[in-house]
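> Turn this into a model:
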Amino acid sequence: HKKIFLTFAKIVAADPIRLLKDCSYLVENIKKLPKEHQIEMLLALIVDDGCCKSWMLVLYEDQNEEVTNSVYSIWNSLFPNTAKINYIITKNNTKVYHIYVNRNGIILLKHEIDQLILKFGNIAHLWWKQEAFDKRYNKTRNSFAEMVQDTKNNKEERREAIIKYIKYNQVVSFYDI
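Numbering: from 1, shown residues only. Model prediction:
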């Protein structure tokens, strides 16, 4: 409602008319709010229940690259290096930008949500998206996801160990690896 934009404009000392018309300006002004409110805004933006169906969480999608970059900058300020922006080209040759949150971002977001729930009560939940998000979070914490993450984090160390083993023994079996 317009009255909400007027109140918000007073809080962040912004132009209320421009807040209504310019999404990038709105997102840039949200950056002025405390962390809890920035997270609340991000939770409201999470695409829909389908955002949790793939391996990564789809935080946001839009055709406007500038707005997408603004939302990404808020996410990245709260949860650094846990998201990336990709785009798809539709049949109408339109770019649609997506912000994908990786496993570590999902874990950090879940931790923040839990902290907000402790502080503010159930109002901090993802509302209708909570069940889908919880399933996505549980997938990030299962044993297979842990192994994949461990492999990703330690692949260089393991590669060096295998090369060292081959140099020393001249021969290596799959079992040895």
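> so how far is residue 105 from residue 155?
For residue 155, the distance to residue 105 under the criterion CB to CB, to the nearest Å works out to 21 Å. Where C-beta positions appear, they are placed from N, C-alpha and C, glycine not excepted.
> wait, I meant residue 59
Distance, residue 59 to residue 105, by CB to CB: 8 Å.
> got it, and residue 23?
Using CB to CB, which is the criterion applied here, residue 23 is 22 Å from residue 105.
> more crowded one of these two?
Neighbour totals were compared for residue 23 and residue 105, and residue 105 leads with 24 against 16 (other CB atoms under 10 Å).
> Sketch out the helices for this protein, chain order is fine.
2-12, 16-21, 23-30, 35-45, 65-78, 103-120, 130-140, 143-169 (DSSP state H).
> Run the angle between the third one and helix 2-12 for me.
Here the directions of helix 23-30 and helix 2-12 differ by 50 degrees (axes from the mean of the first three to the mean of the last three CA atoms, to 10 degrees).
> could the helices of the chain be laid out in a markdown table, adding mean pLDDT and distance to residue 176?
Below are the helices of the chain laid out as a markdown table (pLDDT from 0 to 100; distance: least, CB to CB, whole Å):
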| stretch | mean pLDDT | distance to residue 176 |
| --- | --- | --- |
| helix 2-12 | 83 | 62 |
| helix 16-21 | 86 | 64 |
| helix 23-30 | 87 | 54 |
| helix 35-45 | 84 | 47 |
| helix 65-78 | 92 | 42 |
| helix 103-120 | 87 | 30 |
| helix 130-140 | 79 | 32 |
| helix 143-169 | 74 | 7 |
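> Serialize these to TSV and add fields for distance to residue 177.
Supplementary listing: these in TSV, determined by distance: least, CB to CB, whole Å:
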stretch	distance to residue 177
helix 2-12	57
helix 16-21	59
helix 23-30	49
helix 35-45	42
helix 65-78	37
helix 103-120	25
helix 130-140	27
helix 143-169	6
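> right, so of the ones you listed, which gets closest to residue 94?
helix 65-78 (11.6 Å; CB to CB).
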